[in-house]
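S.K.: Predicted model and sequence follow; I will ask about them next.
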Amino acid sequence: QVQLVESGGGLVQAGGSLRLSCAASGSIFSIGAMRWYLQAPGKQREWIARIASDGSTNYAGSVKGRFTISRDNAKNTVHLQMNSLRPEDTAVYYCNADLSSPPLTTTMRNYWGQGTQVTVSS
């Protein structure tokens, strides 16, 4: 069974920084793209960052230049460094990843973490 577990959320003042982490565990053969999403109160979940298995990255316009996604393939972990935080960044942040597991090692499945709360005070 595969699990994604986020950590690193919390309360921070506007202008501050936080670093989120997401660790994949369980029976994993390979990991493809890994992503971060956020869901603000009363709004739909939205994609904010993606990192491919080759390390290439993409960002939503709302976070580009402030957030940095990275991954540690040896530890099956993805990080999100968040700088210059704003009150409007307040949301639950979710990790998402494409993984394959034995015995279906060529089949990628999509998994979600449980989310971690980030609150930015003004």
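M.R.: Arrived safely, thanks for sending.
S.K.: From now on I want contacts and neighbour counts done on CA atoms only, so please keep to that.
M.R.: OK.
S.K.: partner residues bridging the residue nearest the centre of the chain?
M.R.: Closest residue to the average C-alpha location of the chain: residue 36 at 3.1 Å, with C-alpha atoms, centre = their mean. Taking DSSP bridges as the rule, residue 36 bridges to residue 49, residue 95.
S.K.: you'd agree it is up against residue 50?
M.R.: Yes. With contact defined as C-alpha atoms under 8 Å, residue 36 counts as touching residue 50 (6.5 Å).
S.K.: so residue 88, which of the three states?
M.R.: helix (DSSP: H, G, I helix; E, B strand; the rest coil).
S.K.: Can you tell me which helix or strand of the protein has the lowest average pLDDT?
M.R.: strand 104-112 (a mean of 91; mean pLDDT, DSSP states H and E).
S.K.: what's it packed up against?
M.R.: Contact analysis of strand 104-112 by 3 or more C-alpha pairs under 8 Å, 6 or more residues apart in numbering; DSSP states H and E lists strand 3-7, strand 91-101 as its packing neighbours.
S.K.: Send me the longest one as PDB with only the CA atoms.
M.R.: Looking back up the chat, that one is strand 91-101. Taking Å, rounded to 0.1, in the frame of the first residue of the first chain, the C-alpha atoms of strand 91-101 are listed here in PDB:
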ATOM      1  CA  ALA A  91      -4.900  27.000   2.300                       C
ATOM      2  CA  VAL A  92      -4.600  23.200   2.800                       C
ATOM      3  CA  TYR A  93      -1.600  22.100   0.700                       C
ATOM      4  CA  TYR A  94      -1.800  18.600  -0.900                       C
ATOM      5  CA  CYS A  95       0.900  16.400  -2.400                       C
ATOM      6  CA  ASN A  96       0.100  14.400  -5.500                       C
ATOM      7  CA  ALA A  97       2.200  11.900  -7.300                       C
ATOM      8  CA  ASP A  98       2.200   9.300 -10.100                       C
ATOM      9  CA  LEU A  99       3.600   6.000  -8.800                       C
ATOM     10  CA  SER A 100       4.000   2.400  -9.900                       C
ATOM     11  CA  SER A 101       4.000  -0.500  -7.600                       C
END
